[in-house]
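>>> Fold the following and give me the result.
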Amino acid sequence: MTINELKVEISKWKITPPRILNLTIGVCSLILHEFVAKPYYRAYIYSHNIYDFHIADTLGNSLGTIAEVFIVVGLIGRDKTRDHFLIKMTTISIIIYELGQPLLGKPIDPWDIVATILTGGFCVLLYRMIHQSKTRPLTENSK
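A predicted model of the protein is given here:
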């Protein structure tokens, strides 16, 4: 992509209802993780030594994947084909990041990888459910 192509893409960018919906889902997931799940749920589970099937351990990968997927789709998505590609690539990128943890001096956590895969699948299903109409364009340019 050249600078001129980037300028053209930016000039075509419009706020549309599907973009707002995608961004809202992403931001709500981020807020839920940072202000509710992480400080309260995870702290409660850890302090009471409750086994919750690794949910508290994988909150970052679960809610974080939802946040990252829908924010990316909301910002640079154009149509359903590209959005599905972005969902898959974002999920794969998070998995690659998890597999690269030994480079940062941390162990690979298989539960985080499983949570990312499951959440990526959930994101595909959620996206299909909320954008199920085949006649509604995602942007002004796809009419």
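
>>> Low-confidence regions, this protein specifically.
Counting by pLDDT under 70, the chain shows low-confidence ranges at 1, 133-143.

>>> Buried residues of stretch 42-59, list them for me.
Neighbour counts over stretch 42-59 (16 or more other C-beta atoms under 10 Å) mark 42, 45, 55-59 as buried. Quick note: C-beta positions are derived from backbone N, CA and C, even for glycine.

>>> got those residues as TSV, with distance to I71 and secondary structure columns?
Shown next, in TSV, are the buried residues of stretch 42-59 (distance: C-beta to C-beta, whole Å; DSSP: H, G, I helix; E, B strand; the rest coil):
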residue	distance to I71	secondary structure
R42	22	helix
I45	26	helix
I55	22	coil
A56	23	coil
D57	23	coil
T58	19	coil
L59	17	helix
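
>>> Point me to the residue sitting farthest from the middle of the chain.
H48 (29.7 Å; C-alpha atoms, centre = their mean).

>>> H33 is in contact with T65, isn't it?
No. Applying C-beta atoms under 8 Å, one finds H33 not in contact with T65, separated by 10.1 Å.

>>> just the helices in the chain please.
Under the criterion DSSP state H, the chain carries helices at the ranges 3-12, 17-32, 43-47, 59-76, 80-99, 110-130.

>>> Just name the most buried of these.
helix 59-76 (a mean of 22; mean count of other C-beta atoms under 10 Å).

>>> Can you spell out which helices and strands pack onto that one?
Helices and strands touching helix 59-76, by 3 or more C-beta pairs under 8 Å, 6 or more residues apart in numbering; DSSP states H and E, are helix 17-32, helix 80-99, helix 110-130.

>>> who's in contact with the second one?
Surrounding helix 80-99, the residues in contact under the criterion C-beta atoms under 8 Å, 6 or more residues apart in numbering are 61, 64-65, 68-69, 72-73, 76-77, 108-109, 112-113, 116-117, 119-120, 123-124, 127, 131, 138.
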